[in-house]
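1. sequence and predicted structure below; questions after.
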Amino acid sequence: METKGTRIGVVVRVRPLLSKELKANSLNNRIDINLAEKSITILSDQKQQKRFEFDEVFDEKTTQEHLYQKLKLDNLIKKVIEGYNATIFAYGPTGSGKTYTMEGYEHDKSMKPIIRDDGRLGLIPRIVKNLFDEIKKAPSHIEYTVYCTYVQIYKENIYDLLNPAQIKPPGLRLRWNQQEEFYVENLFMHPCYSANEVISHYNSGLKNRIISSHNANTSSSRSHSLLSLNIEAMDSETGSILTSKLQLVDLAGSEKVSQTGNEGAALKESIEINKALFTLRQVISTLASMRDGEASFVPYRDSKLTSLLKQSIGGNSYCLMIACIAPLDSFFEDNLSTLTYATKALCISNEPIRNIDPKTRVIKELRKEVKRLNSELLLANQQISMLTEIVNLDPKEQANKLKEVEKLPLKAENLVRIKMLRSNIESMPLSPTKLQSQTTYSKFSDAEFSDFTLTPEILSEKLYDSVKMIRELMNANKKLKDMVGDLNQQKRALEAENIQLQNENQDLQEKLEMFDSLVKKKPQDSKMNSEIWMLQKEREELIKRIEFLEKETRTQTTLPTNNKSEWGWKSKRTVLRGRKHPDTAKPFSLVVSDRNYEPRNSVGRVTPKSVYRPLSQDFQVDMSKQDAINTLSQILMKGMPY
Ligand SMILES: Nc1ncnc2c1ncn2[C@@H]1O[C@H](COP(=O)(O)OP(=O)(O)OP(=O)(O)O)[C@@H](O)[C@H]1O
């Protein structure tokens with residue numbers, strides 16, 4: 001489908017009756033599709049008709065291949081490669097065919113997708129394949145990388161389907177960037193260089209999607225899923241970088257409790273799904289009712305889903321909405337609501353913009369300016385050389401030559417001057433022999449004639465005029481050259497800065513990759529990591545211990561000597577006492593004193609923060625004074641012996 005201008009494209013697909021519905025003879029008389037008119041008419045209980053028109057309507061016979069071709073998604077892919085963002089999202093009630101349309105895989109009894117490359121393949125695998133086919137056609141100096149991310153929003157939490165560590169609560173955080181866009185923090189972005197790589201990430205992510213069974217759908221998506229293909233195109237010739245994003249969104253379906261039969265946890269799930277879709281509908285309604293240029297509050301922030309779709313709906317992307325409906329009469333209300341909001345979406349305008357890196361844009365503009373000035377310069381040179389030639393010609397040839405100059409794309413003021421010069425030359429009298437044969441000559445009075453006589457004065461005046469003009473042109477030429485020089489200089493500076501930034505980026509990228517690989521290695525090397533950790537701990541303790549020892553060595557020098565008078569000890573025997581801290585079992589104090597434990601006679605009191613072994617109880621050891629000092633030194637050096 002051609003995206004018309006900037007309006008959101010809206011198509012409707014009606015799925016066929018499923019075999020179980022056929023078996024149950026489910027009623028399906030309320031939908032009338034007119035493919036030629038691209039319209040759908042639905043009939044209410046009271047036999048009231050409501051007709052809707054869309055960009056395209058697809059009936060139950062539409063195959064996946066036909067849908068892809070008819071939507072002309074190759075054109076959209078080309079836009080993405082040119083640097084525009086685009087979003088395709090499937091919307092509709094539960095069981096209406098959204099996942100079938102976007103993904104197309106069958107599911108086994110355990111709800112896991114059965115991945116087969118057959119006619120059932122949905123839009124996502126087809127788009128991925130064609131995107132890479134298109135990339136292959138690009139010139140060899142443009143290198144493309146497609147970064148793939150895949151998230152699901154389940155009960156207002158965002159999970160990274162491509163990161164097994166992030167598929168459980170609390171999920172990832174939503175952030176706001178400088179381009180006024182929401183983005184998911186810490187999301188795994190997988191660089192891919194082929195369609196198979198993207199598909200294999202997508203398939204592995206699909207297995208993490210939350211799917212369950214209820215009355216309306218045996219494999220119902222319980223989350224909104226967003227597959228993003230972030231395309232980066234690096235031009236090695238110009239150094240420019242172009243980025244764009246293609247978002248492929250499969251929404252969870254709106255659910256009527258009466259239809260799903262959900263209870264308990266499943267009912268809560270339904271309520272959460274409906275809440276996010278309610279916000280989406282509000283966003284659509286607000287945008288649809290806004291007049292051109294009118295500002296209005298759009299409640300994007302009210303749900304994670306609408307936050308992430310901000311640029312897609314009413315923003316800077318191309319956008320295609322595929323509204324899915326089921327043919328059953330029992331879906332009447334849901335179908336009516338889906339068609340109503342799809343119609344509203346038809347009124348929403350987007351403003352797709354090309355995402356050129358700002359530096360690239362400046363370089364491009366400068367290049368354009370240089371090109372323009374160069375062509376002006378070329379023209380000016382041409383004019384100058386023609387005018388220089390003219391000076392030596394006779395008047396008739398001068399006039400002819402000036403006619404040629406007039407045909408050049410001249411500036412208005414120069415054209416006027418050249419025309420004046422030519423008319424002056426043309427109105428000059430011809431040489432005497434020719435003049436006599438001119439009848440017009442007699443029209444001039446003597447006075448007039450004297451004005452046009454080709455006197456040396458007149459000639460020199462005309463020559464002076466021409467030379468003056470040539471000078472002016474040469475001056476203008478010089479100015480142009482200077483400007484070209486300046487612009488070239490600016491361009492070179494910007495290019496150099498660009499290269500430097502790219503190098504820095506590369507460095508950072510390499511560091512990040514190194515870090516990533518270390519992080520990835522962690523599980524295998526956990527033994528090694530824990531050893532490293534232990535060694536680091538040991539090292540820290542050693543440092544602490546050294547510090548302590550240094551400090552304590554200083555204290556030691558103040559330890560009393562074996563000098564009785566200084567100590568005032570009555571006995572030669574001493575006691576080493578250790579007091580345990582009442583709460584922490586760390587030694588509280590170590591004292592060497594006389595037997596009577598007179599604090600004033602203590603050798604020294606140590607309150608060791610870093611005495612290493614815990615003390616299970618107070619202790620007291622009798623020993624000689626020398627032994628006590630030695631033991632205390634031992635404790636300070638090696639730790640507690642008790
Ligand atoms: N065009 C189709 N042709 C054949 N079968 C279809 C088509 N569309 C849907 N189906 C089948 O209908 C059932 C419901 O479709 P699907 O799971 O895609 O619905 P859904 O809208 O994604 O539902 P939910 O919102 O609950 O996830 C599936 O069994 C699917 O295979």
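-> Structure's in. What do you need?
2. span of stretch 160-174 from start to end?
-> Stretch 160-174 has an end-to-end distance of 12 Å (C-alpha to C-alpha, to the nearest Å).
3. what of stretch 10-21?
-> So stretch 10-21: terminal residues 28 Å apart, C-alpha to C-alpha.
4. assign the closest residue to Lys61 other than its chain neighbours to helix, strand or coil.
-> Spatial nearest neighbour of Lys61, excluding adjacent residues (C-beta to C-beta, 6 or more residues apart in numbering): Pro16 at 7.5 Å. All C-beta atoms are positioned from the backbone trio N, CA, C, and that covers glycine. Three-state call for Pro16 (DSSP: H, G, I helix; E, B strand; the rest coil): coil.
5. Pro16: what's it in contact with?
-> Glu60, Lys61, Pro327 (C-beta atoms under 8 Å, 6 or more residues apart in numbering).
6. over to the residue of the stretch 251-400 of the chain found nearest the ligand: give its phi and psi.
-> Of all residues in the stretch 251-400 of the chain, Gly253 sits closest to the ligand, at 2.6 Å by C-beta to the nearest ligand atom. With angles defined as degrees, to the nearest 10, Gly253 sits at phi -90, psi 150.
7. what distance do you get for Tyr144 to the ligand?
-> Tyr144 sits 31 Å away from the ligand, going by C-beta to the nearest ligand atom, to the nearest Å.
8. sticking with that residue, tell me its helix or strand.
-> Using DSSP states H and E, Tyr144 sits in strand 142-154.
9. what comes up buried for the following helix or strand past that strand?
-> Helices and strands here follow DSSP H and E; after strand 142-154, the next one along the chain is strand 157-160. Under the neighbour-count criterion of 16 or more other C-beta atoms under 10 Å, strand 157-160 has Ile158, Tyr159, Asp160 buried.
10. can you list contacts of strand 157-160?
-> 149-153, 166-174, 184, 186-188, 208, 223, 304.
11. one more pass at 6 Å, please.
-> Residues outside strand 157-160 that contact it (C-beta atoms under 6 Å, 6 or more residues apart in numbering) are Val151, Gln152, Gln166, Ile167, Pro169, Gly171, Leu172, Val184, Leu187, Phe188, Lys304.
12. what does the stretch 251-400 of the chain have sitting close to the ligand?
-> Neighbours of the ligand within the stretch 251-400 of the chain, by C-beta under 6 Å from any ligand atom: Ala252, Gly253, Cys324.
13. okay, the last one: pLDDT?
-> Pointing back at Cys324 there. pLDDT for Cys324: 97.
14. hang on, the earlier thing: right, and the residue of the stretch 251-400 of the chain closest to the ligand touches Thr94 too?
-> Yes: counting by C-beta atoms under 6 Å, Gly253 does reach Thr94; the two are 3.2 Å apart.
15. for the residue nearest to Lys61, give its distance to the ligand.
-> Between Pro16 and the ligand the computed distance is 5 Å (C-beta to the nearest ligand atom).
16. what residue in the stretch 51-200 of the chain comes nearest to the ligand?
-> Counting by C-beta to the nearest ligand atom, the stretch 51-200 of the chain gets nearest the ligand through Gly97, at 2.8 Å.
17. what's the neighbour count on the closest residue to that residue other than its chain neighbours?
-> Nearest residue to Gly97, sequence neighbours excluded (C-beta to C-beta, 6+ apart): Arg15, at 3.7 Å. Arg15 is flanked by 21 other residues according to other C-beta atoms under 10 Å.
18. shouldn't Arg15 be in contact with Thr99?
-> No: judged on C-beta under 6 Å, Arg15 makes no contact with Thr99 at a distance of 10.9 Å.
19. wait, what's in contact with Phe332?
-> Residues in contact with Phe332 (C-beta under 6 Å, 6+ apart) are Arg30.
20. which element is it on?
-> Here Phe332, judged by DSSP H and E, is contained in helix 332-345.
21. may I see the buried residues of that helix?
-> For helix 332-345, a neighbour-count test (16+ other C-beta under 10 Å) marks 332, 334-345 as buried.
22. which of those sit farthest apart?
-> Of all pairs drawn from those, the widest gap by C-beta to C-beta lies between Phe332 and Ala345 and measures 20.4 Å.
23. same list (the residues of the stretch 251-400 of the chain next to the ligand) but as TSV, adding neighbour count.
-> Listed next are those as TSV, based on neighbours: other C-beta atoms under 10 Å:
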residue	neighbour count
Ala252	26
Gly253	29
Cys324	27
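24. name whatever forms a beta bridge with Arg354.
-> Beta bridges link Arg354 to Tyr84 when assigned by DSSP bridges.
25. residue contacts, the nearest residue to Tyr318 once chain neighbours are set aside?
-> Closest residue in space to Tyr318, ignoring its immediate chain neighbours: Ala86 at 4.2 Å, by C-beta to C-beta, 6+ apart. By C-beta under 6 Å, 6+ apart, the residues touching Ala86 are Leu76, Val80, Leu246, Ser317, Tyr318.
26. the protein - how does it break down into domains?
-> If you go by automatic domain parsing, the domain ranges for the chain are 9-356, 359-505, 559-638.
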